[in-house]
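> Here is my input, please return the structure:
(one chain, ligands or ions: 1)
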Amino acid sequence: MMGRLLGFLLCFSSFFISATLADWNILNQRTKSGLKISLKSYCESWRINVELHNIQDFTVVPEECVSYIGKYVASSQYHVDSERTIEECRLYLSTSCPLKKDGRDAWLFDIDDTLLSTVPYFKKHHFGGEKLNLTSLEGWMSNGKAPALEHSLKFFDELKSTGVQIFLVSSRREHLRSATIDNLVDVGYHGWTRLILRGPDDELNEVQQYKANVRKQLISNGFRIWGIVGDQYSSFEGLPSARRSFKLPNPLYYVS
Ligand SMILES: *[C@@H]1O[C@H](CO)[C@@H](O)[C@H](O)[C@H]1NC(C)=O
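Presented below is the predicted three-dimensional model:
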């Protein structure tokens, strides 16, 4: 009896939390304008609008979409989406980049959720449904066990063979340098030109400003930044920009 009552109360309270958090109305499964949709469809639209950069600065994945996002990042759809991004990089590189091959052709990559996957971490942390704990995330990163994103790894190697200089520009902090190098090398990345991490001064800036400063520095050193692959808009926005930017899917967290 007590168990059933408790079960009912728990069920009711989580129902109440989702219902108040959502734009989607859990009672009659309609959007604000009255369109009848499923929860899956509601969360799909949340995810697409994150990728379109209409939804910004979110600190957690909405509670009612945690299960949907968890399924997405474990799905073949996520891998197909990522492969498509990389395929577009290849197309651009082969048709629109007259490389000078003078050692000044450059390409930039993010690290997390671009070269290495943090999905195993977020699997244990409610798929972005709980507020990010930097201590805990950095602890996980320092173990150096992040798997590679396989399509990115292939493209990384193809780029290298064209003689393009590869710069890894990450919002990871300097104290993670050796763990990051070990992790990258373990899963097959090698031969980059420079690994740029955030030093104490850069930590005073937002990630977007830090990354723009890095591009400015590279360009003033004579590099032509043909492209960037990243999973966050803060990797591309601001000036100077790269000639093209390629956004990989990431509905788990937002970095500004
Ligand atoms: C963040 O993670 C650390 C390390 O796992 C833990 O000690 C700490 O209590 C966490 N902080 C919060 C606010 O959950």
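
> contacts and neighbour counts: CA atoms only from here.
Will do.

> for the ligand, what are the nearby residues on this structure?
Residues of the chain that fall close to the ligand, judged by C-alpha under 6 Å from any ligand atom: 133, 135-136.

> switch to 5 Å and redo it
Contact residues, the chain versus the ligand (C-alpha under 5 Å from any ligand atom): 133, 136.

> longest strand anywhere in the chain?
strand 165-173 (DSSP state E).

> Same question for that strand: list its buried residues.
165-173 (16 or more other C-alpha atoms under 10 Å).

> what about His126, distance to Val80?
Separation of His126 from Val80 (C-alpha to C-alpha, to the nearest Å) stands at 23 Å.

> Give me the more crowded residue out of those two.
His126 (18 against 12; other C-alpha atoms under 10 Å).

> okay, now the residue lying closest to that one once chain neighbours are set aside: neighbour count?
Counting by C-alpha to C-alpha, 6 or more residues apart in numbering, the nearest residue to His126 once its immediate chain neighbours are dropped is Val66, at 6.8 Å. Counted with other C-alpha under 10 Å, the neighbours of Val66 add up to 19.

> Helix or strand: which one has whatever residue of the stretch 1-150 of the chain ends up closest to the ligand?
Closest residue of the stretch 1-150 of the chain to the ligand, C-alpha to the nearest ligand atom: Ser136 (4.1 Å). Secondary-structure assignment from DSSP states H and E places Ser136 in helix 134-142.

> Report the distance from that helix to the chain centre.
Once both centres are worked out by C-alpha atoms, centre = their mean, to the nearest Å, helix 134-142 turns out to sit 16 Å from its chain's centre.

> do the same with stretch 46-53
With C-alpha atoms, centre = their mean, you get 12 Å for stretch 46-53.

> what sits up against that stretch?
55-56, 69, 233, 249-251 (C-alpha atoms under 8 Å, 6 or more residues apart in numbering).

> Spell out for me the PyMOL command that would select the buried members of those residues.
To isolate the buried ones among the contacts of stretch 46-53 in PyMOL, judged by 16+ other C-alpha under 10 Å, type:
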select buried, resi 69+233+249+250+251
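
> Kindly reformat the contacts of stretch 46-53 as a markdown table and extend each row with secondary structure.
Compiled in a markdown table, the contacts of stretch 46-53 are given as follows (DSSP: H, G, I helix; E, B strand; the rest coil):
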| residue | secondary structure |
| --- | --- |
| Ile55 | coil |
| Gln56 | coil |
| Ile69 | helix |
| Tyr233 | helix |
| Pro249 | coil |
| Asn250 | coil |
| Pro251 | coil |
